[in-house]
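> curious how this folds, go ahead:
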Amino acid sequence: MTLTRLAAYSVSSLIIAGTLLLYLHTAQIQNRRNDDYAKSDQRAHMRFARRAHESGFAYTGRRNYMPLFAFVQAALNSPELDDEAFFQRGKQINVWISVAALASLALVFFAKFSRLYSLYAILTIGFLAFAFKAPFFQPEILSYSLFGFAFILSLETLFRPKWYKYVGTGALFALAHFTKANVLPALIVFSASHSVLLFVMALNGALNRRRLSRILLSALVPLMTFMILLFPYFRESKLDYGEYFYNVNTRIYIWFDSWDEADAATKEAGGYAGFLQLPDDQIPGLRNYLREHSSDQIIERLREGIEKITGYACYIKHSRHIFGYCSQVALGLLLLLFSIPPLIRQFRWQDKSCHIHIYCYLAAIFAIYGLGAAWYNPISGSEGPRVVLILLIPFFWTIGLMVHSRALQDLHIRLFGYHVKLVDLAYALISVTLFFEIYQVITWRAADMYGGK
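Below you'll find the model as predicted:
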């Protein structure tokens, strides 16, 4: 190893170590802010973990929370501790889960994208979101990470199909669902995107019986893997609650107009299982909701949800209560807007490498989960971004794919006698705003705001 390479490795190691220590310091500041386990569902997750430990991991919950996070805490924590000690230890475990998740994300990003963009994306996700969510006894960090990895692998599978990637996609979606019951729409959209691929191939005259069979099988493999891995849990749900995919949040609560209304209805029904014992015209659902609400009310609910979510993250009046990622998402969207013309010029419908089914998959994911977060906002009981942050990793991965496309990589500008990629120059400038956001997080934001919402 040459002296130059050794020096480069040493500098890189020092930067990584310094960044890790700074991240842990930031999370510790927020840890002191989170001093009450009775807030933000944390006590409920603590009870779940204790019961999972006492039952030898046989207890899988009452279909309000999913089991994986409770199982992790039961395995790594010490349930015999008193509530306060159990709470503090659980928060530290979650911080290290976030470190492992960020390290894994870094490996994936650096393997796919340029060093500049990868560093930018990981620092944004880490300091402007994860550092606030990590020191909590909540499954969000695990949920965001597993869903993010499932999303990344699903896209890589659509770009370069291999049978083991389809199996891995189904397995990752299963793990993400076992953490939080919000994954089925993504899995269904992933499989449905293959119908768009079939349509495009038929238009281009490239569809034959062998390809038809292969694509249909590819669409089914992730669903089959998902069902096989989670079938014991789904079967238990069917036996105890009457439905394989029963979850009180996604099956019942989303059809109420407020948390107070949902809470009162749950008590009146005698618990989560009691809802399905009601007559059909009294069970919350899409049909009953559409019967009782006008289109104007539905649109207004979505509008208010979007306004509250963006307001919590972006508005100046909430400046002392924001995570900080809003500015980076806005700049990414602005760059995407300017990138549309060269991307369109590169697109050819008749091209065999046409990826229109992937664009449909991306559009559906962001539309469904974005609108879903807005819709669920009245039930979440706060203006916090906890639900919509599931899109943060997919967003930066998608932007990464866009800025590393040939159409944008070919754009250069002459600067001080050098040819510089326009995208690299843009992210060098954007990084200045990122460091300003991180500075604010470390100096006062992490100590001032509460990240559990």
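> ok, now which ones touch the nearest residue to residue 195 once chain neighbours are set aside?
What sits nearest to residue 195 in space, not counting adjacent residues and going by C-beta to C-beta, 6 or more residues apart in numbering, is residue 219, at 7.7 Å. The C-beta positions use only the backbone N, C-alpha and C, and glycine is treated the same way. Residue 219 makes contact with 191-192, 194-195 under the criterion C-beta atoms under 8 Å, 6 or more residues apart in numbering.
> want to try JSON lines for those, with distance to residue 119 and secondary structure as columns?
Output for those, formatted as JSON lines (distance: C-beta to C-beta, whole Å; DSSP: H, G, I helix; E, B strand; the rest coil):
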{"residue": "191", "distance to residue 119": "34", "secondary structure": "helix"}
{"residue": "192", "distance to residue 119": "35", "secondary structure": "helix"}
{"residue": "194", "distance to residue 119": "35", "secondary structure": "helix"}
{"residue": "195", "distance to residue 119": "38", "secondary structure": "helix"}
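> are any of those residues buried, and if so which?
Those of those that meet the buried threshold are 191, 194, by 16 or more other C-beta atoms under 10 Å.
> residue 235: which of the contacts of residue 219 is nearest?
residue 191 (21.7 Å; C-beta to C-beta).
> let me see the contact set for the closest one.
Per C-beta under 8 Å, 6+ apart, neighbours of residue 191: 219-220, 222-223.
> which of the residues you listed ranks first by neighbour count?
residue 222 (27 neighbours; other C-beta atoms under 10 Å).
> you'd agree it is up against residue 165?
No. If you go by C-beta atoms under 8 Å, residue 222 and residue 165 don't touch, sitting 9.3 Å apart.
> tell me the SS of the residue most central in space within the chain?
Here the mean C-alpha position of the chain is nearest to the C-alpha of residue 390 (C-alpha atoms, centre = their mean), at a distance of 2.2 Å. Here residue 390 is recorded as helix under DSSP: H, G, I helix; E, B strand; the rest coil.
> surely it touches residue 182?
Yes. Applying C-beta under 8 Å as the test, residue 390 and residue 182 come out as touching, 6.8 Å apart.
> where do the contact lists of the two overlap?
Residues touching both residue 390 and residue 182 (C-beta under 8 Å, 6+ apart): 143, 147, 369.
> count of residues packed around residue 358?
By the criterion of other C-beta under 10 Å, residue 358 has 17 neighbours.
> ok, for it, nearest residue in space, not its chain neighbours?
residue 158 (4.9 Å).
> how about that neighbour, what does it touch?
Here residue 158 is in contact with 190, 193, 355, 357-358, 361 (C-beta under 8 Å, 6+ apart).
> check the secondary structure at it for me.
Strictly by three-state DSSP, residue 158 counts as helix.
> any idea how far it is from residue 109?
Computed as C-beta to C-beta, to the nearest Å, the residue 158 to residue 109 distance reads 19 Å.
> what do you get for residue 129?
According to C-beta to C-beta, residue 129 stands 15 Å off from residue 109.
> same check, this time on residue 286
When residue 286 is compared with residue 109 (using C-beta to C-beta), they lie 38 Å apart.
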